[in-house]
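J.: using only what follows, build the 3D model:
(one chain, ligands or ions: 3)
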Amino acid sequence: MPLFSSCNSVTSTAHPKAGTTVNSDFNADVDIQLKAVQSSINILSTINTDIYSYKGSLIKGDKQTLQQLEGSAIGPIIRVEKGDRVRIRFENEISEKSIIHWHGLHVSHENDGHPEYVIEKGETYIYEFEVMNRAGTYWFHPHPHGHTGEQVYKGLAGLFIVTDEEEKAFNLPTGDYDIPVIIQDRTFDENNQLVYLPNGRMDRMRGFLGNRILINGKMDNSLSLNKDGKYRLRLLNGSNSRAYKLAWNTGEPLTIFGVDGGLLESPKTLPYLILAPAQRVDVWLDLSKKSESEELKLIHLPIPLDNMMGGGMMGIENDSSLPYNSQFDILNINLRDSRKNDAQLPNRLSVSQALDPTDAANRTSPRTFNFGMEGMMKWTINGRTYNGMEVADDEIVKLNTTEVWRMNNGGKISTENQNNGRGMMGNKNGMMRNGRGMENMMQMPHPVHIHQLQFNIINRNTENVDRNLWNAVKDGFIDEGRQDSVYLLPGMYIDLVMRFADFKGLFLFHCHNLEHEDMGMMRNFKIE
Ligand code: C2O
Ligand code: CU
Ligand code: CU
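T.: Ligands and ions are numbered 1, 2, ... in the order given. Below you'll find the predicted structure:
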């Protein structure tokens, strides 16, 4: 079958020997040993759960640089400043290949955690990079091709929080008032062991969906906060494939002041927020107006996605997962004693982070990537799947240029400005619209992520999105600020403006539904 007929000219690089030495010229401000280990911890009741976990130890740096989350598989939290020179000595002690990717960080190819750099049990990979990103909530997780989903699921994921002068000039909540909230769904069996993809291939096609929510790796999804406190909640959707429609149970709007790539220009209030896998937001929470008797919870509101996510032709039997189209609790806020902090949320936060799309040479004919399905059972990007260091002609860009990329999941693209549509599905004008064919039943959202850079969203086209679905989510998107992950609904395309700066080399872009990624919905792009 000519699945890869579109890859006419392919460049490959020999397997590299990066990450093997500690460079003595690199003067590290922060030096951390980070081990991936197998262990077992008490997550539910009596019987321990087998997990993977990152264990950090600080070789150099302030002691608040590294915070292990006690009693949890996930973490640690690494806190650095922009400009810090960071060395991470990743030691793999799990019995499978792994490598760490720094999600959202602007680093070189050798420091990005490309799957081709996986190391075996007993080996070490040394990362050395300067933190060039602005203040924000970044994160790290494994990236071994084909096994990312399972390794993250078992507990390998942590936060990489950056602060900078711009952020410190504001009086935002710090210390105990700056709280990470990592949201993940999991399923446990009767022996308290994690269950991953029990229905095999069909589960994999859909992506893992669990039947309960863990916050920061724990079953107890409640936070005890000071009544009268003002809080910064740093939300990360660390789930393998599940997106959330988050809202306060009280009906008050959510106030969001930061996204993947840091602070917004000004805070936004939304009735609810759609948080797709890998996305981060900063939520402002002012408890000074709350009474102790009032119940306060972050909840998931129904999204009519189930027939795309397990119904339809997926036909997953014995599906115990939390239905998308239902309401469930995410996080309970318990109020304890009254204590104030003097933090404030200013109306003006950051200076504009908007890249100018008129700088993009290809403004009127965006580089188009179609996220869809090939041969019925293969998730692809422009008809291709991940293949090592392979990069195709239309995946090569020039250093120091700005481009517009169109991420398309069956969106309605007028033919004049479609330059390289490929793939059997998800690219034809209107093909998805009213069809009842197989392709229609295999439409799914794809949370799309680009490595190494932070883009701006300049256009979100929703003409082909099912109206019922769109109406349920349309007020929950933040299209401002710098981001590295976007939620591409079926029938949607999104235009992104981005700049390729500082580093040449191969970087990845992929669907962050980790099961889709593991099945190959991932490609390299090359900056040259
Ligand atoms: Cu969190 Cu390649 O991604
Ligand atoms: Cu990434
Ligand atoms: Cu996907």
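J.: tell me where this structure has helices.
T.: For the chain, helices defined by DSSP state H occupy the ranges 148-153, 165-168, 201-206, 438-441, 467-473, 514-518.
J.: winner for burial among those?
T.: Greatest average neighbour count among these goes to helix 514-518 (a mean of 26), per mean count of other CB atoms under 10 Å. In short, each C-beta sits where N, CA and C put it, glycine included.
J.: what about that one, distance to the chain center?
T.: Helix 514-518 sits 12 Å away from the centroid of its parent chain (CA atoms, centre = their mean, to the nearest Å).
J.: mind giving me the packing neighbours of that helix?
T.: helix 148-153, helix 201-206, strand 505-511 (3 or more CB pairs under 8 Å, 6 or more residues apart in numbering; DSSP states H and E).
J.: and the contacts of it?
T.: 145-150, 152-153, 197, 203-208, 240-241, 277, 379, 446, 510-511 (CB atoms under 8 Å, 6 or more residues apart in numbering).
J.: that helix near ligand 1 at all?
T.: No. Judged by CB under 6 Å from any ligand atom, helix 514-518 and ligand 1 are separated, with a smallest distance of 7.0 Å.
J.: are that helix and ligand 2 in contact anywhere?
T.: No. Helix 514-518 is not in contact with ligand 2 by CB under 5 Å from the ion; minimum separation 10.3 Å.
J.: now check that helix, is it near ligand 3?
T.: Yes. Helix 514-518 is in contact with ligand 3 by CB under 5 Å from the ion, via H516.
J.: next, count neighbours for whatever residue of the stretch 201-350 of the chain ends up closest to ligand 1.
T.: In the stretch 201-350 of the chain, the residue that lies nearest ligand 1 is A278 (5.0 Å; CB to the nearest ligand atom). The number of residues packed near A278 is 25, by other CB atoms under 10 Å.
J.: what of the one 10 residues further on?
T.: Number of residues near S288 (other CB under 10 Å) recorded here: 11.
J.: what of K289?
T.: If we define neighbours as other CB under 10 Å, then K289 has 8 of them.
J.: check the one 3 residues further on too.
T.: The number of residues packed near E292 is 11, by other CB under 10 Å.
J.: check F509 too.
T.: 22.
J.: right, and it touches V448 too?
T.: Yes. Using CB atoms under 8 Å, F509 is in contact with V448, at 7.2 Å.
J.: what sits opposite the closest residue to A28 other than its chain neighbours in the beta ladder?
T.: Nearest residue to A28, sequence neighbours excluded (CB to CB, 6 or more residues apart in numbering): R87, at 4.1 Å. R87 forms beta bridges with D31, E128, as assigned by DSSP bridges.
J.: contacting residues for L349?
T.: Here L349 is in contact with F170, F257, G258, L263, L264, E265, S266, P267 (criterion: CB under 8 Å, 6+ apart).
J.: the fifth one and ligand 2: what is the separation?
T.: Between L264 and ligand 2 the distance is 21 Å, computed by CB to the ion, to the nearest Å.
J.: now do the contacts for that residue.
T.: I256, F257, G258, L349, S350, I478, E480, G481.
J.: out of these, who's nearest L58?
T.: G258 (26.2 Å; CB to CB).
J.: residues in contact with the closest one?
T.: With CB under 8 Å, 6+ apart, G258 has these contacts: G136, T137, L264, R280, V281, D282, L349, G481.
J.: narrow those residues to those in strands?
T.: In this view, these that belong to strands under DSSP state E are G136, T137, L264, R280, V281, D282.
J.: got JSON lines for the residues you listed, with pLDDT too?
T.: JSON lines is the format used below for the ones in strands among the contacts of G258 (pLDDT from 0 to 100):
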{"residue": "G136", "pLDDT": "98"}
{"residue": "T137", "pLDDT": "98"}
{"residue": "L264", "pLDDT": "98"}
{"residue": "R280", "pLDDT": "98"}
{"residue": "V281", "pLDDT": "98"}
{"residue": "D282", "pLDDT": "98"}
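J.: and which of these is nearest K474?
T.: V281 (17.3 Å).
J.: neighbours around that closest one, how many?
T.: 25.
J.: now swap in I316 and tell me
T.: Neighbours of I316 using other CB under 10 Å come to 19.
J.: so how far is ligand 2 from it?
T.: In terms of CB to the ion, I316 sits 28 Å off from ligand 2.
J.: K290 now?
T.: 36 Å.
J.: hmm, that residue is touching L335, no?
T.: Yes. Between K290 and L335 there is a contact under CB under 8 Å: 6.3 Å.
J.: what residues are shared contacts of the two?
T.: K227, L296.
J.: ends of stretch 393-400, how far apart?
T.: 18 Å (CA to CA, to the nearest Å).
J.: ditto for stretch 152-164
T.: Termini of stretch 152-164 sit 29 Å apart (CA to CA).
J.: same deal with stretch 166-178?
T.: Start-to-end, stretch 166-178 (CA to CA) is 17 Å.
J.: tell me the pLDDT of the residue nearest in space to the middle of the chain.
T.: Nearest to the mean C-alpha position of the chain, counting by CA atoms, centre = their mean, stands A278 at 1.3 Å. If you check A278, the pLDDT there is 98.
J.: show me the contacts for it.
T.: H103, W139, L236, N237, G238, P447, H449, D484, S485, H512.
J.: how many residues are close by the residue nearest to F525 when sequence neighbours are not counted?
T.: Using CB to CB, 6+ apart and skipping residues adjacent in sequence, the residue nearest F525 is E395, 4.6 Å away. Neighbourhood size, E395 [other CB under 10 Å]: 21.
J.: contact partners for the closest residue to L285 other than its chain neighbours?
T.: Distances taken as CB to CB, 6+ apart place Y231 nearest to L285, at 4.2 Å, with adjacent residues excluded. Counting by CB under 8 Å, 6+ apart, Y231 touches P173, Y177, D178, I179, L225, W284, L285, D286, L287.
J.: apply 6 Å and report the result again.
T.: Applying CB atoms under 6 Å, 6 or more residues apart in numbering, we find Y231 in contact with P173, Y177, L285.
J.: format the residues you listed as CSV; extra columns: pLDDT.
T.: Output for the contacts of Y231, formatted as CSV (pLDDT from 0 to 100):
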residue, pLDDT
P173, 98
Y177, 98
L285, 98
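J.: can you tell me which of those comes closest to M389?
T.: For those, the nearest to M389 is P173 (43.5 Å; CB to CB).
J.: next, count neighbours for that closest one.
T.: 23.
J.: do S350 as well
T.: Neighbours around S350, by other CB under 10 Å: 19.
J.: how far away is it from Y138?
T.: 16 Å (CB to CB, to the nearest Å).
J.: just S338 next, same as before
T.: Counting by CB to CB, the gap from S338 to Y138 is 34 Å.
J.: the two: which has the busier surroundings?
T.: Remark: of S338 and Y138, Y138 carries more neighbours, 24 against 12, as counted by other CB under 10 Å.
J.: the more buried one reaches G104, doesn't it?
T.: Yes. With contact defined as CB atoms under 6 Å, Y138 and G104 form a contacting pair (3.9 Å).
J.: list the contacts for the residue of the chain found nearest ligand 2?
T.: The minimum distance from the chain to ligand 2, using CB to the ion, falls at H103 (3.8 Å). With contact taken as CB under 6 Å, 6+ apart, H103 is in contact with W139.
J.: let's go with 10 Å and repeat that
T.: 112-113, 138-141, 143, 157, 159-160, 236, 260, 278, 280, 449, 451, 484-485, 512 (CB atoms under 10 Å, 6 or more residues apart in numbering).
J.: just checking, which of those belong to strands?
T.: Going by DSSP E, the strands hold Y138, W139, F140, H141, L159, F160, L236, R280, H449, S485 from these.
J.: apart from its chain neighbours, what residue comes closest to the fifth one?
T.: By that I understand L159. I77 (4.5 Å).
J.: give me the beta-bridge partners of that neighbour?
T.: Q67, L159.
J.: hmm, it is touching I161, no?
T.: Yes. Here I77 reaches I161: they are 6.4 Å apart, a contact under CB atoms under 10 Å.
J.: quick revisit: common neighbours of F509 and V448, please.
T.: With CB under 10 Å, 6+ apart, F509 and V448 have common neighbours F369, I381, W405, M407, D484, M521.
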